[in-house]
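Peer 1: Fold the following for me, if possible:
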Amino acid sequence: MDLTTLILVAITLVAIVTSVVEVLKKTFTIKTRYLPITSIVVGIFIALIVWPLSEYDFYYMLVVGLIAGLAASGTFDALKAVIKKDDGK
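Peer 2: Presented below is the predicted three-dimensional model:
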């Protein structure tokens, strides 16, 4: 198991996780404080859906989903901070 491969697979899933969380946020009323948890759960769920199509072990994909969810949550927070900063001008 190579750490570089783990990070590359997680980065690939970040865009998908971010998109799904954004759709869930628009569809359902999810409080902002629950978005990181939602992002992690969605990341793990998507990684486990992709798992049978990959050559990696179950636990490997579980960690990939966790990393993708955390990265997507951080991406969301960073974009929110940039948008908030632009509104102040």
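
Peer 1: Spatially nearest residue to Ser39 (excluding sequence neighbours)?
Peer 2: Spatial nearest neighbour of Ser39, chain neighbours left out: Ser73 (4.1 Å); criterion: Cβ to Cβ, 6 or more residues apart in numbering. The way it works is simple: take the backbone N, C-alpha and C, and place the C-beta from them, glycine included.

Peer 1: Summarise which helices and strands whichever strand or helix holds that neighbour is packed against.
Peer 2: If you go by DSSP states H and E, Ser73 is part of helix 58-87. When contacts are defined as 3 or more Cβ pairs under 8 Å, 6 or more residues apart in numbering; DSSP states H and E, helix 58-87 packs onto helix 3-27, helix 35-50.

Peer 1: Just the residues contacting the first one, thanks.
Peer 2: What it means is helix 3-27. Defining contact as Cβ atoms under 8 Å, 6 or more residues apart in numbering, one finds that helix 3-27 is touched by 30, 35, 38-39, 42-43, 46-47, 50, 54, 56, 60, 63-65, 67-69, 71-72, 75-76.

Peer 1: Pull the contacting residues for the residue nearest to Ser39.
Peer 2: Ser73 touches Leu35, Pro36, Ser39, Ile40, counting by Cβ under 8 Å, 6+ apart.
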